[in-house]
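Peer 1: Here is the input, now give the coordinates:
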Amino acid sequence: SSMELVDVDCRHRLASPIVDMSFCPNGRFLACFTEASMLTVMSTTFETKVLDFDTSEGSSSPPLAMQWCGEDSVVLHWKNMGILMVGPYGDWLRFPYHNTSSVYLIPEMDACRVITDSTVEILQRVPPTTANLLRIGSIEGSA
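Peer 2: Numbering: from 1, shown residues only. Below you'll find the predicted structure:
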């Protein structure tokens with residue numbers, strides 16, 4: 001069997017040049033960070049854009065690290081801003097990491113490990129079934 005290389009022109013999907021990229025663990029999505037401080041998530045076929053998330057309010061520089069957290073959220077790290085976790089619908093959470101000289105993001109199949117000078121933490125998206133169960137006014141059946 002032979003592999004065929006295909007040159008894909010995706011300039012119409014991205015407003016500026018890519019400075020960092022990361023593949024989703026299942027290989028179906030690609031997270032791209034552009035010069036314009038935009039996080040864009042698209043299918044690896046480049047046919048479907050899933051998300052555009054503007055990070056320019058927090059920082060105009062590219063993140064020091066960008067990794068996937070499971071298969072549906074992207075985690076980015078800036079020294080001045082801490083960690084930003086962006087979910088599949090543009091929902092986001094920021095985790096400040098002050099007084100830390102080193103922060104490393106290690107992707108896992110269902111989470112992202114955050115290693116600092118003094119701690120090891122796990123970031124993981126709350127599954128929708130758990131979120132529905134624990135939300136205010138929930139009438140979901142318990143386990």
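Peer 1: Kindly confirm whether my reading is correct that Arg94 touches Trp78.
Peer 2: No. Arg94 lies out of contact with Trp78 (C-beta atoms under 8 Å); the separation is 10.0 Å. For the C-beta atoms, the positions are set from N, CA and C on the backbone; glycine is no exception.
Peer 1: list the residues that contact both of these two?
Peer 2: Residues touching both Arg94 and Trp78 (C-beta atoms under 8 Å, 6 or more residues apart in numbering) are 58, 84.
Peer 1: who has more neighbours, these two?
Peer 2: Trp78 (19 against 12; other C-beta atoms under 10 Å).
Peer 1: Name whatever forms a beta bridge with Met66.
Peer 2: Beta bridges link Met66 to Leu76 when assigned by DSSP bridges.
Peer 1: which residues sit against stretch 59-69?
Peer 2: So stretch 59-69 is contacted by 19-25, 31, 33, 35, 37, 39, 55, 74-81, 84-85, 103-107, 111-112, 123-125 (C-beta under 8 Å, 6+ apart).
Peer 1: contacting residues around Ser118?
Peer 2: Thr100.
Peer 1: where does Ala131 fall, phi/psi-wise?
Peer 2: The phi and psi torsions at Ala131 (degrees, to the nearest 10) take the values phi -60, psi -40.
Peer 1: dump the residue contacts of it.
Peer 2: By C-beta under 8 Å, 6+ apart, Ala131 has no neighbours at all.
Peer 1: If you tally nearby residues, what's the number for Met38?
Peer 2: Neighbours of Met38 (other C-beta under 10 Å): 18.
Peer 1: and the gap between it and Arg28?
Peer 2: 20 Å (C-beta to C-beta, to the nearest Å).
Peer 1: mind checking which helix or strand the residue nearest the centre of the chain is in?
Peer 2: By C-alpha atoms, centre = their mean, the chain has its centre lying nearest to Val74, at 0.9 Å. Element membership of Val74 [criterion: DSSP states H and E] is strand 73-78.
Peer 1: Cool, thanks, talk later.
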